[in-house]
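Trainee: Only the shape, not the letters, is given here:
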């Protein structure tokens, strides 16, 4: 009952702390090679040249198409190449909804996909990187699938990591 309130409080504290950190100068103790991948954004902070919007693919062939508004709202589509059973994810691209940094000031993001009309849901959190001339998204995901009883709740969740690279057009 109190968990949602505690989570909302924790998120608001983190948001306030990140606003405080926005005025601090970034570390310049990075190796020279890493400094080459950094640019300054509108408020003078260093960020990577990695940009979230676009089409991305992972090693399995799953595809995500991401759009990000100036306010940081993430929308798009996900087409999975991995299913436990054929048709488990539904048909075709599935809508994505999430959040990223407003104005692209930071590289972290999160988004969620609801599969097969809500029979399961996956959420990804991650960071966009530009290293050695390549853009990629490093993510951690959690998949929650519907189970038939309280005694099987331990079967409901799977956690993993994935990396997406920008799809060449």
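Mentor: Arrived safely, thanks for sending. Since the structure is predicted, the reported quantities are computational estimates derived from the model, not experimental observations.

Trainee: And the strands in this protein, which stretches?
Mentor: Taking DSSP state E to define them, one finds strands in the chain at 38-40, 46-48, 54-58, 63-68, 73-79, 94-100, 108-115, 120-131, 134-145, 157-166.

Trainee: Let me have those strands in a markdown table, adding mean neighbour count as columns.
Mentor: Heads up, the C-betas are built off the backbone N, CA and C, glycines and all. A markdown table is the format used below for the strands of the chain (neighbours: other CB atoms under 10 Å):
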| stretch | mean neighbour count |
| --- | --- |
| strand 38-40 | 12 |
| strand 46-48 | 18 |
| strand 54-58 | 17 |
| strand 63-68 | 19 |
| strand 73-79 | 17 |
| strand 94-100 | 17 |
| strand 108-115 | 19 |
| strand 120-131 | 18 |
| strand 134-145 | 16 |
| strand 157-166 | 13 |
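
Trainee: Adding mean pLDDT and distance to residue 151 as columns, could you present these in a markdown table?
Mentor: Shown next, in a markdown table, are the strands of the chain (pLDDT from 0 to 100; distance: least, CB to CB, whole Å):
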| stretch | mean pLDDT | distance to residue 151 |
| --- | --- | --- |
| strand 38-40 | 50 | 51 |
| strand 46-48 | 48 | 46 |
| strand 54-58 | 95 | 33 |
| strand 63-68 | 94 | 35 |
| strand 73-79 | 94 | 31 |
| strand 94-100 | 94 | 29 |
| strand 108-115 | 95 | 23 |
| strand 120-131 | 92 | 19 |
| strand 134-145 | 94 | 15 |
| strand 157-166 | 95 | 15 |
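
Trainee: Can you spell out which residues form a bridge with residue 141?
Mentor: residue 124, residue 160 (DSSP bridges).

Trainee: now swap in the one 4 residues further on and tell me
Mentor: When bridges are called by DSSP bridges, residue 145 pairs up with residue 120.

Trainee: For it, which residues are in contact?
Mentor: Residues near residue 145 by CB atoms under 8 Å, 6 or more residues apart in numbering: 119, 120, 155, 156, 157, 158.

Trainee: measure it to residue 130 for me?
Mentor: 34 Å (CB to CB, to the nearest Å).

Trainee: Please apply the same query to residue 54.
Mentor: For residue 54, the distance to residue 130 - CB to CB - is 13 Å.
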